[in-house]
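1. When you get a sec, could you give me coordinates for this:
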Amino acid sequence: MLVAAAVCPCPPLLVPDVAAGAAPELDAARAACTDALGVLAASRPDLLVVVGPAEQSGRGPHPEGTRGSFRGFGVDLAVALGLGAGVPGHGVADRELPPSLAVAAWLLERTGWSDAPVEGLGVGEPLEAERCIQVGRDIVGRAARVALLVMGDASACRTLKAPGYLDERAVEFDAEVARALGAADVPALKALDAELAYELKVSGRAPWQVLAGAAEDAGLGGALLYDDAPYGVGYLVAAWS
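-> Predicted structure coming up:
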């Protein structure tokens, strides 16, 4: 059963060492993520599953202790997923965490997560809605009390300088996602337009639909904690409990 969920953005810029001089611009987003993770801890889960977008090499499960880094972003900073980071025999994997899960691992380390075992799951942008929803249903069968940390960004087309340039459809799309996440509106998340999300360079669509599948019968309420687009990319933070 899903007992809580936190939704956070996944730009490496969320990590101050990566953002460097621009770090203060995301202080409010970091604070909101901390609050959302606090909701997860308060739910006393038996298992925390971190779901985030991933390229081909990073898709699929990532066991507790899997390591990641931000070297690809010019920073010699390593992270590990969950409690397994310091446990003998953990932390050895044939691949690193994808960037979205590395950001999640950094958030968990930053907030001192020690409340439950952690597992990661990288999902691909092309994953169809029904498959995402089924993945979410499968996740909540893993333990009696499951919490989700769902990583992903909204559109990357909010301004002329955004990574995807300006697309006038982006504001409306992001507003609907923000509303759905804030209201824990499962049907609305299930109904997100995958093709439009792809055109708007939305990285969070598949993870949000995994959340929708996991939350079908949970009866959770939602709260939107952060909604902004400081770099022309929509960053959203929400908590469900």
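
2. drop to CA atoms for contacts and neighbour counts, all remaining ones
-> Will do.

3. which residue is nearest the middle of this structure?
-> M151 (0.8 Å; C-alpha atoms, centre = their mean).

4. Run a quick neighbour tally on the closest residue to L200 other than its chain neighbours.
-> Excluding the flanking residues, the one nearest L200 by C-alpha to C-alpha, 6 or more residues apart in numbering is S155, at 5.2 Å. Residues contacting S155 under the criterion other C-alpha atoms under 10 Å number 30.

5. where along this protein do the helices fall?
-> For the chain, the helices defined by DSSP state H cover 16-19, 27-42, 99-110, 129-140, 169-183, 186-190, 194-199, 205-214.

6. Which one, of the ones you listed, ends up nearest to R59?
-> helix 99-110 (10.6 Å; C-alpha to C-alpha).

7. Next, the angle from the closest one to helix 27-42.
-> Helix 99-110 runs at 70 degrees relative to helix 27-42, counting by axes from the mean of the first three to the mean of the last three C-alpha atoms, to 10 degrees.

8. so what does helix 99-110 touch, helix or strand wise?
-> Helix 99-110 sits against helix 27-42, strand 47-53, strand 67-69, strand 78-80, strand 146-151, with contacts defined as 3 or more C-alpha pairs under 8 Å, 6 or more residues apart in numbering; DSSP states H and E.

9. do you know which of these lies nearest P187?
-> Distance to P187, taken as C-alpha to C-alpha, is lowest for strand 146-151 among the helices and strands packed on helix 99-110, at 17.1 Å.

10. Next, count neighbours for L77.
-> Neighbour number of L77 under other C-alpha under 10 Å is 15.

11. Oops, could you answer that again for Y235 instead?
-> The number of residues packed near Y235 is 26, by other C-alpha under 10 Å.

12. and it, what does it touch?
-> By C-alpha atoms under 8 Å, 6 or more residues apart in numbering, the contact set of Y235 is C8, P9, A29, D153, A154, Y226, D227, D228, A229.

13. need the contact list for the first one.
-> With C-alpha under 8 Å, 6+ apart as the criterion, the residues that contact C8 are C33, L149, V150, M151, G152, D153, Y235, L236, V237, A238.

14. any idea how far the spatially closest residue to the fifth one that is not a sequence neighbour is from A116?
-> Closest residue in space to G152, ignoring its immediate chain neighbours: G204 at 3.7 Å, by C-alpha to C-alpha, 6+ apart. In this view, G204 and A116 are 24 Å apart by C-alpha to C-alpha, to the nearest Å.

15. between these two, who's got more neighbours?
-> More neighbours surround G204 than the other of G204 and A116, with 29 against 18 (other C-alpha under 10 Å).

16. and the residue lying closest to E109 once chain neighbours are set aside, how many residues sit next to it?
-> With C-alpha to C-alpha, 6+ apart as the criterion, E109 has its nearest non-adjacent residue at 7.5 Å, and that residue is G82. For G82, the neighbour count with other C-alpha under 10 Å is 29.

17. With A188 instead?
-> 17.

18. One more: L160?
-> 12.

19. OK, contacts around it?
-> So L160 contacts L166, G232 (C-alpha under 8 Å, 6+ apart).

20. Please consider this matter closed, and thank you.
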